[in-house]
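have a look at this prediction, sequence included:
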Protein chains: 2
Amino acid sequence: MEDIFQETDLFEGLSTDQRDKIIKKGFHQVLKPKSILFQQGDPAERFYMVNTGRLKLTKLNEQGKEVIMRYIGAGELTAAITSLKDWEYPLTAESVEDTEVTGWDKAGVLNMIETYPKIAINLLNIVLTRIDDIQHRYLELSTERVEQRVARTLLRLMRSAGLKKTEGILIDLPLSRQNIADFSGTTLFTVSRTLSAWEKKGWIKSGREKITITAPHSLVLFSENA
Amino acid sequence: MEDIFQETDLFEGLSTDQRDKIIKKGFHQVLKPKSILFQQGDPAERFYMVNTGRLKLTKLNEQGKEVIMRYIGAGELTAAITSLKDWEYPLTAESVEDTEVTGWDKAGVLNMIETYPKIAINLLNIVLTRIDDIQHRYLELSTERVEQRVARTLLRLMRSAGLKKTEGILIDLPLSRQNIADFSGTTLFTVSRTLSAWEKKGWIKSGREKITITAPHSLVLFSENA
DNA sequence: ATCTTTGTTTGCGATAGCGCAAAGACAGCC
DNA sequence: GGCTGTCTTTGCGCTATCGCAAACAAAGAT
């Protein structure tokens, strides 16, 4: 087994051996791009960790409007809520590229916590960090204007999926205008207009489902002061 | 010690004795109305549980715009994030009425988790439930219109601070139009207009910093279908 | 009882952002 | 190498919501 788990938080403080033992007990799954791992509303069986690839986590409201909660990559968790209670999945997880995940059901989680209490602490840490993050996003959504939020969205994606190229930093994901809108809390049209403007300013270069940030610093400034 | 802790989740599975022992180790504090318990940005020392009374949890952005994240009452926790890592308080906690809280610092938390591992599980449960809640709120903020969000805000407050009266259910909190706006992600003016309209329809009765919901069912319908 | 402060209402104009429509661009496919 | 389907762009009108101003109302202070 390779060392992609090294950097994760869940197994912090555990030996490589212990980690591997836990992973071996997990339920492994390989996903082609655009596969649904689980669907919002289904009875939640497992919580998952991404090994390689990337998942898009979306949430629908009753009227069918969609919001992207986040994109997660190697080492990140989702549906942690199912680790303890009998819930329905609160959102839908879909792969955006070839992706491998490991999942554990409730019994598995309780078992690993009993065997390695440190896991509970690690989980707590991860989950508390998520709260902080989403509260911050809530504040942004509530107080900032659309353009500012779009800027923040691009920067977030850049940090989590950025790939250095000669022209700038490529967001290494198939990313449509609609995706950006769903992530920023706005519409396809407004995103398109905004990106056009930034392209004219030379801050980004964009193609079909593809964005390269050429002037990250300008975007950062804009996202903080606009 | 009275039995206000009976219904809390943090001590679930523990005996009354064990619970009291933990509480005795905590740092007790009594707050007059409108006192600051802790301020966003300050180094986080303790996490708190409300014994009696109520706290308003607010978050400011860089431009000084304020959002109310939630109101919490007996048995509920805040600043749980400080229980494990060295952070700054991510928000400000202010009492809205006479309030008593108990706090524990990092060492205290680690100690109680080691002594009673069940506490870690309980904490995890609480925190996971919070994530679910705030993700849902994020979805609402992102997809719903102002009036709908105001309706949901009133209903939330009704459920957590409602007091049955002959005319309806009184929200038992000093609650200004501005507060509702900060909680719903809108402005004082829009809230005022909205409440006026609902008062004409007979759904609510309102006074200065005081709201009674006379037709909860209409509000629920409105919040779900509007 | 009067003055001051703080909260509320409402009219009115301004505007950010929405959302349709129609055209253009790109990728994949037979 | 043309065809089809999906994604993107942009003009344009629309409307939900904002935010000022000014008047009003209630509570607290002297």
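Looks like it came in fine.

only C-alpha atoms for contact and neighbour calcs from this point on.
Fine.

is it true that residue A:180 touches residue A:192?
No - between residue A:180 and residue A:192 there is no contact under CA atoms under 8 Å: 9.4 Å.

the more surrounded of the two?
residue A:180 (24 against 16; other CA atoms under 10 Å in any protein chain shown).

need the contact list for the more buried one.
A:150, A:153, A:154, A:188, A:191 (CA atoms under 8 Å, 6 or more residues apart in numbering or on different chains).

let me know the closest of these to residue A:106.
Nearest to residue A:106 among the contacts of residue A:180: residue A:153, at 33.1 Å, using CA to CA.

sort out for me which of the contacts of residue A:180 are in helices.
Judged by DSSP state H, the contacts of residue A:180 include A:150, A:153, A:154, A:188, A:191 as members of helices.

these also near DNA strand D: which ones?
Subset of the ones in helices among the contacts of residue A:180 in contact with DNA strand D: residue A:188, counting by CA under 7 Å from any atom of the strand.

and the ones in helices among the contacts of residue A:180, which is closest to DNA strand D?
Of all the ones in helices among the contacts of residue A:180, residue A:188 has the smallest distance to DNA strand D: 6.2 Å, by CA to the nearest atom of the strand.

distance-wise, check that closest one relative to residue B:96.
41 Å (CA to CA, to the nearest Å).

who has more neighbours out of these two?
residue B:96 (20 against 16).

go ahead and confirm that one touches residue B:174.
Yes - between residue B:96 and residue B:174 there is a contact under CA under 8 Å: 7.2 Å.

does DNA strand C sit close to the lengthiest helix in chain A?
Ordering each helix of chain A by length in residues (DSSP H) puts helix A:118-143 first. No - interface with DNA strand C: helix A:118-143 contributes nothing (CA under 7 Å from any atom of the strand), its closest point being 9.4 Å away.

out of the contacts of residue A:180, which end up buried?
A:150, A:153, A:154, A:188, A:191 (16 or more other CA atoms under 10 Å in any protein chain shown).

list the contacts of the second one.
With contact taken as CA under 8 Å, 6+ apart, residue A:153 is in contact with A:180, A:183, A:184.

need those in CSV (columns: pLDDT).
Putting those into CSV (pLDDT from 0 to 100) gives the following:
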residue, pLDDT
A:180, 98
A:183, 98
A:184, 98
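
which of those residues fall in helices?
Using DSSP H, A:180, A:183, A:184 are the members of these that sit in helices.

specify which member of those is nearest to DNA strand C.
residue A:184 (8.9 Å).

residue contacts, that closest one?
A:141, A:146, A:149, A:150, A:153.

how close does residue A:87 sit to DNA strand D?
For residue A:87, the distance to DNA strand D equals 31 Å [CA to the nearest atom of the strand, to the nearest Å].

count the residues that sit near the spatially closest residue to that residue that is not a sequence neighbour.
Once flanking residues are discounted, residue A:87 sits nearest to residue A:44: 5.6 Å by CA to CA, 6 or more residues apart in numbering or on different chains. As a burial measure, residue A:44 scores 22 neighbours (other CA under 10 Å).

so where's chain A shaky on pLDDT?
Within chain A, the stretches falling below the threshold (pLDDT under 70) are A:1-8.

what parts of it come near DNA strand C?
Listed as neighbours of DNA strand C in chain A under the rule CA under 7 Å from any atom of the strand: A:144, A:145, A:146, A:147, A:185, A:186, A:187, A:189, A:190, A:207, A:208.

does the nearest residue to the fourth one once chain neighbours are set aside belong to a helix or a strand, and which?
Translated: residue A:147. Excluding the flanking residues, the one nearest residue A:147 by CA to CA, 6+ apart is residue A:194, at 6.7 Å. If you go by DSSP states H and E, residue A:194 is part of helix A:188-201.

got the buried residues for that helix?
Neighbour counts over helix A:188-201 (16+ other CA under 10 Å) mark A:188, A:190, A:191, A:192, A:194, A:195, A:198, A:199 as buried.

helices or strands next to it in the packing?
Packing partners of helix A:188-201 (3 or more CA pairs under 8 Å, 6 or more residues apart in numbering or on different chains; DSSP states H and E): helix A:146-161, helix A:177-184, strand A:204-207.

how about 10 Å then?
helix A:146-161, helix A:177-184, strand A:204-207, strand A:210-213, helix A:216-225 (3 or more CA pairs under 10 Å, 6 or more residues apart in numbering or on different chains; DSSP states H and E).

if I look at residue A:85, how far off is residue B:77?
For residue A:85, the distance to residue B:77 - CA to CA - is 19 Å.

how is chain A carved up into domains?
Domain assignment for chain A by automatic domain parsing gives A:16-140, A:145-225.

centre of the chain to the longest one, how far?
Going back to what we said before, that points to domain A:16-140. 10 Å (CA atoms, centre = their mean, to the nearest Å).

next: stretch A:177-194.
Worked out by CA atoms, centre = their mean, stretch A:177-194 lies 18 Å from the chain centre.

what about it, how long is it end to end?
End-to-end distance of stretch A:177-194 (CA to CA): 10 Å.

that older thread, can I get the contacts of residue A:184 in CSV with distance to residue A:107?
Formatted as CSV, these follow (distance: CA to CA, whole Å):
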residue, distance to residue A:107
A:141, 37
A:146, 43
A:149, 40
A:150, 41
A:153, 36
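
does residue A:159 touch residue A:220 like I think?
No - look at residue A:159 against residue A:220 with CA atoms under 10 Å: they stay out of range, at 11.8 Å.

returning to that earlier point: have a look at residue A:85 and residue B:77 and say which one is more surrounded.
The residue with more neighbours, out of residue A:85 and residue B:77, is residue B:77; 22 against 14, by other CA under 10 Å.

could you verify my assumption that that one touches residue B:54?
No - contact between residue B:77 and residue B:54 fails when scored by CA under 10 Å: they sit 11.1 Å apart.
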